[in-house]
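Undergrad: can't give you the sequence, but here's the structure:
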């Protein structure tokens, strides 16, 4: 039983002897995250391309696409980084991650599905809008309030 008071006394002395031991203050660092790069862009009728499904160019059905070039998307990001794209239909108040899916329907069937998705490769991020039924270029222009919004591209470099 005499070993427990000895252990307690040694632990107490070691604990008391370690108070307030601090090294010198280090240099101030930069605020933020050095490897996170955020770019906010907006799709418009001028920078977005209609891609016709028909190889003959009839224009009766297609999807929208946009390519954003960025020097932050390097081969090292492809190997061990991360890319995320979000959209905001309310000027940055609320952001929704892509893929973004809008649909209408019930148990009797689906009336429509709109899908916004993204892909990326070295040097660029692609954003596309698709629809479950045929949309002409003019049809897409008629609903530009759906897709001509702000997009936030976040790239985490290794």
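TA: Great, that's in hand. The shown structure was predicted, so the numbers you read here are calculated from the model rather than taken from an experiment.
Undergrad: doesn't residue 157 make contact with residue 38?
TA: No: checked against Cβ atoms under 8 Å, the pair residue 38 and residue 157 is beyond contact range at 12.0 Å. Using the backbone N, CA and C atoms, a C-beta is placed for each residue, glycine as well.
Undergrad: okay, the two: which has more neighbours?
TA: residue 157 (15 against 12; other Cβ atoms under 10 Å).
Undergrad: Pull out the buried positions in the longest strand along the chain.
TA: Secondary structure assigned by DSSP state E gives strand 109-121 as the longest strand of the chain. Buried residues in strand 109-121, counting neighbours by 16 or more other Cβ atoms under 10 Å, are found at 114, 115, 116, 118, 120.
Undergrad: show me what contacts the second one?
TA: Same thing as residue 115. If a contact means Cβ atoms under 8 Å, 6 or more residues apart in numbering, then residue 115 has 99, 100, 101, 102, 129, 130, 131 as its contacts.
Undergrad: what ranges do the strands span in the protein?
TA: For the chain, applying DSSP E gives strands covering 36-42, 49-52, 62-69, 82-88, 96-97, 100-106, 109-121, 124-131, 150-156.
Undergrad: Just the terminal-to-terminal distance for stretch 120-138.
TA: With Cα to Cα, to the nearest Å applied, stretch 120-138 spans 27 Å between its terminal residues.
Undergrad: picking that back up, give me the mean pLDDT for the longest strand of the chain.
TA: For strand 109-121, mean pLDDT is 93.
Undergrad: what's near enough to touch residue 147?
TA: 43, 48, 64, 116, 129, 140.
Undergrad: could those residues go into CSV alongside distance to residue 109?
TA: As requested, the contacts of residue 147 are exported to CSV (distance: Cβ to Cβ, whole Å):
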residue, distance to residue 109
43, 30
48, 30
64, 25
116, 22
129, 22
140, 24
